[in-house]
Every structure is written in structure tokens, then in C-alpha cells.
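A.B. asks: Attaching a predicted model along with its sequence, questions to come.
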Amino acid sequence: MSWVLLIIGGLFEVAFASCLGKAKETTGMESAYWMLGFLLSLTISMFLLYKATQELPIGTAYAVWTGIGAVGTVIVGIFVFQEPATFWRLFFIVTLIASIIGLKFVSSH
């Protein structure tokens with residue numbers, strides 16, 4: 001169950017980073033709503049990370065959580081914010097995914 005919470009927490013990390021990107025693109029009340037989404041997503045993400053670390057090693061959990069957030073945010077950046085999808089960018093995202101999978105397999109829990 002801790003791995004499920006960790007993955008969901010990582011997805012909420014993607015949400016809070018995406019909300020920051022949208023807040024940057026907007027003004028007024030729309031920006032305030034995106035910031036509210038950021039704060040809500042941040043709170044949920046941190047809480048789920050906390051719950052996951054009650055059973056998983058902190059180093060593994062934090063690395064996986066940030067990795068999910070990083071990979072997800074790059075994917076959102078490419079598809080939502082039209083950021084470049086260069087060969088090297090995609091190559092290093094794939095290596096990051098491989099590292100996250102590797103950490104899960106070598107974790108003692």
C-alpha cells in the first residue's frame with residue numbers, strides 16, 4: 001500500500017508543478033485559482049509522501065517521489081506547455097524512469 005500512496009503522491013507533485021506553470025501564464029483570479037490548486041496539490045503530495053515513508057526507507061521513497069514528479073512534469077511540459085522534446089531530454093527522462101524502477105526493485109520493503 002505504501003508504494004501506491006507514494007505513486008499517487010508523485011502524481012500530485014506533477015499537479016502542483018503544473019499548477020505553478022498555469023499560474024505563471026494567467027493573471028488575476030484565474031492565477032489565484034491555479035495557486036489554490038498548487039497549495040492543495042502540494043499538501044496532498046507531502047502528506048502521501050509522509051505516509052509512504054512510515055513503511056518505506058526515506059531515501060528510496062523521496063527519490064521515487066521526486067522522480068515521478070520530475071518525469072511527469074517534463075511530460076506535462078511537453079504536451080501542455082509546448083516545451084521541446086529533444087532527443088537528449090527524452091533520453092535522460094528514460095534513464096530517470098529506469099533508475100526509479102531500479103530503486104523499487106532494490107528496496108527492502
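C.D. replies: Structure's in. What do you need?

A.B. asks: what's the closest non-adjacent residue to the spatially most central residue of the chain?
C.D. replies: Here the mean C-alpha position of the chain is nearest to the C-alpha of Gly69 (CA atoms, centre = their mean), at a distance of 1.7 Å. For Gly69, ignoring the flanking residues on the chain, the nearest one in space by CB to CB, 6 or more residues apart in numbering is Glu13 at 3.3 Å. Just so you know, the C-beta spots here come from the backbone N, C-alpha and C atoms, and that holds for glycine as well.

A.B. asks: model confidence over the host helix or strand of the one you found, on average?
C.D. replies: Under the assignment given by DSSP states H and E, the secondary-structure element containing Glu13 is helix 2-25. Mean pLDDT, helix 2-25: 96.

A.B. asks: quick one: the following helix or strand past it to helix 2-25, angle?
C.D. replies: For helix 2-25, the following helix or strand on the C-terminal side (DSSP H and E) is helix 28-52. Interaxial angle, helix 28-52 versus helix 2-25 (axes from the mean of the first three to the mean of the last three CA atoms, to 10 degrees): 160 degrees.

A.B. asks: Sounds good, over and out.
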